[in-house]
Structure formats: structure tokens, C-alpha cells
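[1] Structure, please.
(one chain, ligands or ions: 1)
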Amino acid sequence: MALRAGLPAPRPRLRCGKLSYGPMKFRLLAAVSLLGAAALWAAEKPNILLIVSDDQGYRDLGAAGSPDIKTPHLDRLARQGVRLTSFYVTCPFCTPSRASLLTGRYPQRNGTYDLFRNDRVDEGYLYKPWEYEVSPERILGLDTREVLISQVLKQAGYATAVFGKWDLGSLRRFLPLQRGFDDFYGFVNTSIDYWTHERYGIPSMYRGNRPTTEDKGTYATWLFERETLRFIEAHRRQPFFIYLPFNAPHGASNLDRRIRGMPQAPGKYLDLYPSGDDLRSEVRRKYMACVTAMDDAIGRILARLDELGLAENTLVVFLSDNGGGSGSDNAPLRGRKSWMFEGGVRVPAIVRWPGKLPAGVVNDEFLTALEIFPTFLAAAGVSAPEGVVLDGFDMLPVLAGKQPSPRKEMFWLAQGEYAARVGRWKLVRSRRGSGLFDLAGDIGETKDLSEEKPDVLARVQSRYEAWLKAMEEAEPRGPFRDY
Ligand SMILES: [Ca+2]
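    Sure thing, here's the model as predicted:
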């Protein structure tokens, strides 16, 4: 099956055997050689910084042609790396997209194919502590049998950390320190108020395994930046993997309807943008200020990598976890967050690895977040975990411009809706619309070709059915499936 093809080949490891000296000399030489090899190997292993924004629109980057948003640091990252224009996540909303990012597997395969959240907050309900303790948001989590990229990199000698939005379960067994991360500061559930760090009235910030309110009142973006800078400083002499999932620019999860659903930003960033004269433009203003605040934080982190001389040996990946939400600009795509059209699943993405990847390149190849896990393995020279079916491949040769993308297909299924991309063709079956679209000439999915192209429709539909069958036959995982 094409999706399973292209697992990364382990890179040749340095060896120091086969020396034709006497025993004494051999031991000495071997020891020296081992030291040299270890140093060389350590120098070869790049640091990895995975930055994820939350609900950022396809065009919400200066580099992507936004007419109004200010993202100078992400634009610089794009000038120094590869910006991807046909990059997809596995789900048009948060939790499953993030579970796929860390497992390298389709949501249907790893079992996390819906949100871990409480619905009554939608009615403005504040959960009582005893209700919250047994509610879905508290008790559901990513299957603990899943192997996370953090576990694999940690085993390979990486210092590992996550600072920001965890969203993969808040019970102790699901928390980052039990999932291959050495360090964690962030909120455990799916979104918060940027200043109180509460999710609909529930305190949500953790340090390690414990809840904390030590930073209540400080803007969340700055906290995740602070922790990242601290970790980089502390681990500058060993390879590190930092997963930095900002909550920006997701709307605030506050029970107060005046705040709820809108991104939040400090005054100095709001001042960069003119006041809106209606609600829509005011949400846009807050959204842009929130993105620029995040961009500034990213800029300071990238500057620290420069100052410490680490930028050259650091692979930086940036993407949004799904399509743009409230206040975003998804042009020219159709739809937005939670939609099966391109606006829900095609996201802004940038990869920078100086010397290894070209600079200032825009790459239109068909790639997805499923490629990230195998790509990190390849970059680190680490073999794939045994017995784990990964759904992507090492995309470094594609990013380097050495080969076209091996990806020919991608499938999405969530909350009763589905979509499939097979080559240039995209099939959508959803409450918000359905049809067959030719992405080669119609990226905005405006013209349904179902009737004109019945053969294509049948082929794409049958590829989807085959994928669905494979997912159903996979070893069941996660909190939702019945097994
Ligand atoms: Ca999201």
C-alpha cells in the first residue's frame, strides 16, 4: 500500500572496529576512536524544534502573501528555508491532528480521531470539580501503547521537552513526562484563556505532572517562549527535541461570552493594527495581534539559536495544527477549521535546516504531517520503532528538491464527514458541501466535477473505501473504538 511505502532507511552508523593492531593498542585506539565517533555522532545529530500554531489561516503569513498580517520572523524562517504550499494535517481540528503529529499515524490508526472535550461548556456551563473529574476532557487520552516521536528521540540521546498545548490527555498516565518528554510546562487540554490559563473556568496549566498557577496573569505565549529559551540554554551541548505548540491564535476558552472565541493579545500588539468598527474586523484585529505576538516570541527563540551558534545544526519545522479559525484568512482555499475542504486541512508550513535544505524556496509538493515523524527519524539517524506501522515517509529528499513527493493519496474522516485526495483529485462528502474537485486548476474547490468525471469519482471513492477498510482492520486503539 502506497501509504506505508518509504519508511526511512536507517543511516549508516559510524563504526570503529576492524583495526589490525595488538590488543593493547586496539583498546587504546578503540577508546579514542569511540570518543571521536561519539563526538562526531553528537555533532551530526541535529537539534529539532517543532513549532505548531493553533488555527492559523493558510494566508496568515507575510511570506504567503497576506495583505495585512505582520509575521517578520516566520517570513525570515521562510526566506532561510522551504515554505510548503500543499502541506496537509490529518484532521481539520486540534486533538487528532496533534496525535498524528506525534505518532506519525492516521487518527483512525492511533485511535484519537475526535476531541477530548466537555460539551456543556458550549452552553456556558461551569463544571463542578467532581463532575469535571470524570468528564471526557479529564479522562480521555491518546492510547498509551502508541509510540511517540519523543520516546524514540529520547532513547537516541535527545533531551526532550514540550512547552504549550498538550491536548493528548490530562490524567497522569497520558501526560508528557510519561510519554518520552523530559520536561513539560503547558496546559493539558485543548485551549485556554491566554491570561488566566483556565479552560472554561478550570485551571489547566501544569509543570511536569502537577497543576500550577505560578504564572497566572502572564500571557501564555510568553511563558512558552520563556521555557523554550531556558531549555535551549540548559541543553545547548546535547541534541534536543523541543515541541512548541502555541495556543495562539486559537480563540480563548472563557465562559465570558465577551472574551470567548476571540484570540487575545497584549496591548502593544493590538496597537499595531487599526481598531475594527464591527465585530468581524475586531476579531480579525485581535487575531492578527495574537499571531504577531507569537511571531515575536518565535523570533526571540530563533535569535537565541543564532547567538548560541546552534541555528546551523537545528532542524526547525513550523506548521498550523489545522485550518484557520475565527479571525483567520484562508484565501484562496474553501472553508476553514473543522471543514473537510482545503481550508480545514491544508495549512501553512515552513522547514528550515541550513546547509541541508535550500533557502528561500517555495515547494508545492503534496506532503502531510504524517511525514514529520519519519523525517525526524531520518534527520536524527534513528531507525523506525519496531512493529509500528507509520503512515508517512522521510520528506527530506523532497524538501531538498531531489525528488518529487512519493505521496499520492491522503484521507480524512471525522465526525461523520470524509474527504480524499488522490493525485490532483479531491473528493469531499460533508454537511457543508460535497463534490469532486480538480485541485490542479481549482484549489478553491469551486467546481464539482462529479457528473463530468464519473470514472475519476469512482476511482477516488474506491481508494477511500480501501483506506477505510485498512483502518478498520488495523489493531484497534484509543478511547473511542469498541473492542
Ligand atoms: Ca487547532
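
[2] Just the closest residue of this structure to the ion, please.
    Going by CB to the ion, the ion is nearest to C94 of the chain, at 3.8 Å. No exception for glycine: its C-beta is placed from N, CA and C like everyone else's.

[3] and that residue, how far is that from D114?
    Distance from C94 to D114, counting by CB to CB, to the nearest Å: 10 Å.

[4] Just want to know which of these two has more residues nearby.
    Using other CB atoms under 10 Å, the more surrounded residue of C94 and D114 is C94, with 28 against 18.

[5] Give me the pLDDT for the more buried one.
    pLDDT for C94: 97.

[6] and the top helix by length along the chain, how far from the chain's centre?
    Longest helix of the chain, by residue count under DSSP state H: helix 279-307. Relative to its parent chain, helix 279-307 has a centroid offset of 17 Å by CA atoms, centre = their mean, to the nearest Å.

[7] from here on, count from 7
    New numbering, starting at 7: the last item is helix 285-313.

[8] following it, which helix or strand comes up?
    strand 320-326 (DSSP states H and E).

[9] Can you show me the CA trace of that following strand as PDB?
    Extracted as PDB, the C-alpha positions of strand 320-326 are listed here (Å, rounded to 0.1, in the frame of the first residue of the first chain):
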ATOM      1  CA  THR A 320      18.900  22.800  14.200                       C
ATOM      2  CA  LEU A 321      16.000  21.500  12.100                       C
ATOM      3  CA  VAL A 322      13.100  23.800  12.500                       C
ATOM      4  CA  VAL A 323       9.600  22.800  11.400                       C
ATOM      5  CA  PHE A 324       6.600  25.200  11.600                       C
ATOM      6  CA  LEU A 325       3.000  24.400  10.900                       C
ATOM      7  CA  SER A 326      -0.500  25.100  11.900                       C
END
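
[10] could I have the next helix or strand after that strand exported to CSV, CA atoms only?
    Downstream of strand 320-326, the next assigned helix or strand under DSSP H and E is helix 348-351. Extracted C-alpha coordinates of helix 348-351, given in CSV (Å, rounded to 0.1, in the frame of the first residue of the first chain):
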residue,chain,number,x,y,z
GLU,A,348,-8.9,22.5,1.8
GLY,A,349,-9.4,25.4,4.2
GLY,A,350,-9.7,22.9,7.0
VAL,A,351,-6.8,20.7,6.3
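
[11] Can you give the strand pairings for the next helix or strand after helix 348-351, parallel or anti for each?
    Once helix 348-351 ends, the next helix or strand along the chain (criterion: DSSP H and E) is strand 355-358. Looking at strand 355-358 with DSSP bridges, its partner strands are strand 88-90 (antiparallel), strand 320-326 (antiparallel).

[12] ok, R178 touching Q184?
    Yes: using CB atoms under 8 Å, R178 makes contact with Q184 at a distance of 6.7 Å.

[13] Between these two, which contacts overlap?
    Contact criterion CB atoms under 8 Å, 6 or more residues apart in numbering; residues shared by R178 and Q184: N215.

[14] ok, these two, which is more surrounded?
    Each of R178 and Q184 has its neighbours counted (other CB under 10 Å); Q184 has more, 15 against 11.

[15] Settle this for me: the more buried one is touching L177, isn't it.
    No: between Q184 and L177 there is no contact under CB under 8 Å: 9.6 Å.

[16] so what sits against both of these two?
    With CB under 8 Å, 6+ apart, Q184 and L177 have no common neighbours.

[17] what comes up buried for the longest helix of the chain?
    Buried positions in helix 285-313, judged by neighbour count with 16 or more other CB atoms under 10 Å: 289-305, 307-308, 310-311.

[18] Compute the number of surrounding residues for E318.
    Counted with other CB under 10 Å, E318 comes out at 12.

[19] for the residue lying closest to G117 once chain neighbours are set aside, what are its contacts?
    Nearest non-adjacent residue to G117, counting by CB to CB, 6 or more residues apart in numbering: G484, 1.7 Å away. With contact set as CB under 8 Å, 6+ apart, G484 has these partners: 116-119, 148-149.

[20] How is this structure partitioned into domains?
    What automatic domain parsing lists as the domains of the chain is 45-413, 419-479.

[21] Out of those, which is the most enclosed?
    Neighbour counts (mean count of other CB atoms under 10 Å) averaged over each of these peak at domain 45-413, with a mean of 20.

[22] L278 belongs to a helix?
    No: counting by DSSP: H, G, I helix; E, B strand; the rest coil, L278 is not part of a helix but coil.

[23] so who does it touch?
    76, 294-295, 298.

[24] could you dump these to a markdown table with distance to L159 and pLDDT?
    Listed next are the contacts of L278 as a markdown table, based on distance: CB to CB, whole Å; pLDDT from 0 to 100:
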| residue | distance to L159 | pLDDT |
| --- | --- | --- |
| K76 | 33 | 98 |
| M294 | 34 | 98 |
| A295 | 34 | 98 |
| T298 | 31 | 98 |
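
[25] Now distance to the ion too, for those, in a markdown table please.
    Shown next, in a markdown table, are those (distance: CB to the ion, whole Å):
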| residue | distance to the ion |
| --- | --- |
| K76 | 21 |
| M294 | 17 |
| A295 | 18 |
| T298 | 18 |
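
[26] Those into a markdown table, with extra columns for distance to G387?
    Listed next are these as a markdown table, based on distance: CB to CB, whole Å:
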| residue | distance to G387 |
| --- | --- |
| K76 | 38 |
| M294 | 40 |
| A295 | 41 |
| T298 | 37 |
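
[27] farthest pair in these?
    Greatest spacing in the contacts of L278, by CB to CB: K76 and A295 (9.1 Å).

[28] Tell me where this protein has helices.
    All helices of the chain, identified by DSSP H, fall at 29-50, 78-85, 100-109, 113-116, 135-139, 142-145, 155-161, 226-240, 273-276, 285-313, 348-351, 378-386, 402-405, 460-479.

[29] how about the ones you listed, which one is nearest A365?
    Nearest to A365, of all the helices of the chain, is helix 78-85, at 6.6 Å by CB to CB.

[30] which other residues reach that closest one?
    Helix 78-85 has contacts (CB under 8 Å, 6+ apart) with 67-69, 301-302, 304-305, 308, 322, 324, 356, 358, 365-366.

[31] pLDDT of that helix, averaged?
    In this model, helix 78-85 has a mean pLDDT of 98.

[32] same question, stretch 149-167
    The pLDDT scores in stretch 149-167 average 98.
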